[in-house]
Each structure stands twice: as C-alpha cells, then as structure tokens.
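1. Sequence plus the predicted model coming up.
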Amino acid sequence: MAFWLWRKSAPERQPYVPVWLQGEGEQGGYARGYEAQLDEVYRRNPVGLRAVRLVAGLVGGLPIFGPSTSSGQAAVDLVKAGGLLERAAASLLLHGNAYARLVTDSHDRPAELHLMRPERVSVVSGADGWPSAYLYRGGGQVVRIAKEDALGRRQVAHLKALDPGDDQYGLGCLDASIGAASVHNRASRWNKALLDNAARPSGALVYEPGDGSSLGQEQFDRLQKELGEQFSGSANAGRPLLLDGGLKWQALGLSPADMDFVAVKEGAALTAPPASPAPGVCYLVAAGATGAWAGKEQMLAGYTEGGWRFVAPIEGMRLLDRTSGQLILRRSGAWETGIVRAQEYQVAGATVVRTRQPAIADPAGGSTIDVQGRAAIASILAMLRTHGLIA
C-alpha cells in the first residue's frame, strides 16, 4: 500500500497532445494556439517582449558554479553555452515548459545541451503514469526520444512552470496575457490607421439625384475605386472631396469611441517631445512647444512607427489623463481638466445630486436655544455651501 501512494494512475497509454498542437483558431476574438499567441504577445507587443527579455536576460546572467574538477567544469560549460539559460527561461515564461536534450559526441561523451522548441514536444506516459519518453515533431516527422539512454543517463531535462491542474506540463503566461496583449495591439493598429488618415471622422456618400434613380454597379465600382486611391491613407489626408451629380458627403461625427486612441493621454501637457517614445503613446502639446512639436500647440501628438502624427482638437473631444485619472474636455476653444457637467447624478436609479438649491439661513432667534444643536446645523449648512449644493 505504501508503494501505491507514490504511484500515479495511468488510465490510457496514448501520448498526450497539447492544445497548441491540435490546430490554430480563434475563440472569443483572441488568438488560439501557441504560435499565434507567441506572435501576438511576444513578437508584436512591446510590453510582452520587454517583460520576457528582462526576466530571461537576468536568468541568463546568473553565475553558475560546479565541482572543481574537469568534469564539473565541462558540465558548467555545457549549461552556459549558447545562451541556454536565457532561452530556457523564455520558454518557461511563455510556454510553461523547457526541454533540453543531451547530445553526445562520437565517444558517447556529453557534447551539447540542445534546447528543443516546447510546442513540438509531447510527453509519453508509461504504465505507472510517469514520463517514459518524449515525442518531438519537426520537418514532417515524429522522433521518439527515450527518457534514459543505455547508460542510464537522462536524455531530456524537462523544466516546467507550476500548473496545479496538470501532472506532465507546466503553465505558461500566454493564455493569461493574450486578452490584454490583443487589446493593446489592436488599439495600436487602430490608432495608427486613424492617425494616418489625420483622424478624419467617418462619413458616408449619399446619392440624392432628385429623380429617385440609383447608382449603377459600374458607377458604384468606379466611385469606390476613386475613393480608395485618392482619398484614403496618410498621403491623401486632408484632401478636399469634390462631389457632383447628386452626391453628398454626410459626416458621421467623431465620437469619443472614434477617438479612443487618445483615451490614454500620457500625463501633463508637454512643450517638447519625449526622447524615446513608444509607438501608440499620445500627448497634449502645451504652449511654447519646440522641436518636432513646434507650431502644434493644443494639438494631440501621437507617436507611430512613421514618426509623430498630430490631430487638431475639435469641440467636445474628451481625453483621459493617464497620470491623474481626470477627464479633459475641449470646450469653447480650450482644454478643461477635471470638470464634470450634468443635470443630475443618479446612483442605482436614485437621484443623489441635482442643481443647486436656494440659500438656507443659519438658525437664529427663538425662545429656546440649543447652542450645540445650532452649531452643528450651522456646520452642515456651511459644508453644503462649500460643495455648492445650496447658494
């Protein structure tokens, strides 16, 4: 019975194939599959790339010590060769698993530790539930690697991150971070597309000839082609649209949702651009701007891979200051910070604040006077006046 406590059940002996090896796809609008998630979180997202490289680089720079013998030094050299520690740390962070295979020379001596791509490796469980071999998929072939060689040496070192729900595989950060990374990346692409078009509002061409007729398919195709070639993209930003023949341009407006790319103003207004901006950041240009911002006072400066893009403010535009958390409103040709206007405020359907009420005089006169009560009432009335609830 004591031996049973240290054994793992093995209901079936088929090798387990992870989800990322079972095909790509999208669920809930987010990338699925290891390759797609790696591309979204690591290759395309500066935050994910920086976070992984920072941690992996620190691990790769750790000193390694071994026995003061020739074999001990040889083992240390194997581990330090080719940035093995840094690459293993990156695999652990992203995938949750790192597999290092021992490669021997012609004399059957350890010659190299080869880090295998984790998404191509699956664990084969033995009858006791413990790993007995590893399958490596590559080049259209599947290679079976035994856990130990003929000399009893481990052929594959499997490092895995904590996953309480899986006996054989570790849990990486991709599934947990794919939502935030996807939102960040798509917002950046939307920002760039909007900035490339000078943040011009969406609109529609309305055909109103007056006789009730409609555009033919050939006319529609030609008009669509001309719009795409002559009035789309950064090179055509601001070009006037000349219409005739019953065509009318109907602007659909520039709502806060359309200008969502500036929901992240990066703090106080600046007079000079930052030294090393990241693509997607947005600033409010203050008076007296210099450098690349000269002459762009009161505009929004957004940084893209192609450099700085500027958006002229329009009446009613709203921003969110990332630093202070306050809303900024464009009103009457100026920016207002932290001012909220409304007819009334409701909480859970109940009105809690309305317009200012008439003045209430402090208690005075009367034959029976409660000094403490009058003082408390006077303090309440003073506080109501301070907060503007009464005149």
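-> Sure, I can see it.
2. Please make it C-alpha for all contacts and neighbour counts, starting now.
-> Noted.
3. ok, which stretches of the stretch 151-300 of the chain are strands?
-> Read by DSSP state E, counting those that start in this stretch, the stretch 151-300 of the chain holds these strands, from start to end of the chain: 156-160, 203-207, 247-251, 282-284, 300-304.
4. Downstream of the last one, the next helix or strand is which one?
-> For strand 300-304, the following helix or strand on the C-terminal side (DSSP states H and E) is strand 307-311.
5. Show me what that next one is packed against.
-> Helices and strands in packing contact with strand 307-311 are listed as helix 174-196, strand 300-304; criterion 3 or more Cα pairs under 8 Å, 6 or more residues apart in numbering; DSSP states H and E.
6. Go again with 7 Å.
-> For strand 307-311, the packing partners by 3 or more Cα pairs under 7 Å, 6 or more residues apart in numbering; DSSP states H and E come out as strand 300-304.
7. just checking, what packs against the strand it packs on?
-> Under the contact criterion of 3+ Cα pairs under 7 Å, 6+ apart, strand 300-304 touches strand 282-284, strand 307-311.
8. Mind doing that once more with 10 Å?
-> Using 3 or more Cα pairs under 10 Å, 6 or more residues apart in numbering; DSSP states H and E as the contact criterion, the neighbours of strand 300-304 among helices and strands are helix 174-196, strand 282-284, strand 307-311.
9. buried residues in it?
-> Of all the residues in strand 300-304, those buried under the rule 16 or more other Cα atoms under 10 Å are 300-304.
10. Closest to Trp293 out of those residues?
-> Proximity to Trp293 was ranked across these by Cα to Cα; first place goes to Ala301, at 7.8 Å.
11. what sits against that closest one?
-> Taking Cα atoms under 10 Å, 6 or more residues apart in numbering as the definition of contact, the neighbours of Ala301 are 195, 262, 265, 270, 273, 281-285, 292-293, 308-312.
12. Ok, Arg331 next?
-> Residues counted as contacts of Arg331 (Cα under 10 Å, 6+ apart) are 313-318.
13. Of the residues you listed, which count as buried by neighbour count?
-> With burial judged by 16+ other Cα under 10 Å, the buried subset of the contacts of Arg331 is 313, 316-318.
14. ok, which pair from the residues you listed is furthest apart?
-> Pro313 and Arg318 (9.6 Å).
15. Report the buried residues of stretch 50-61.
-> Under 16+ other Cα under 10 Å, the buried positions of stretch 50-61 are 52-53, 56-57, 59-60.
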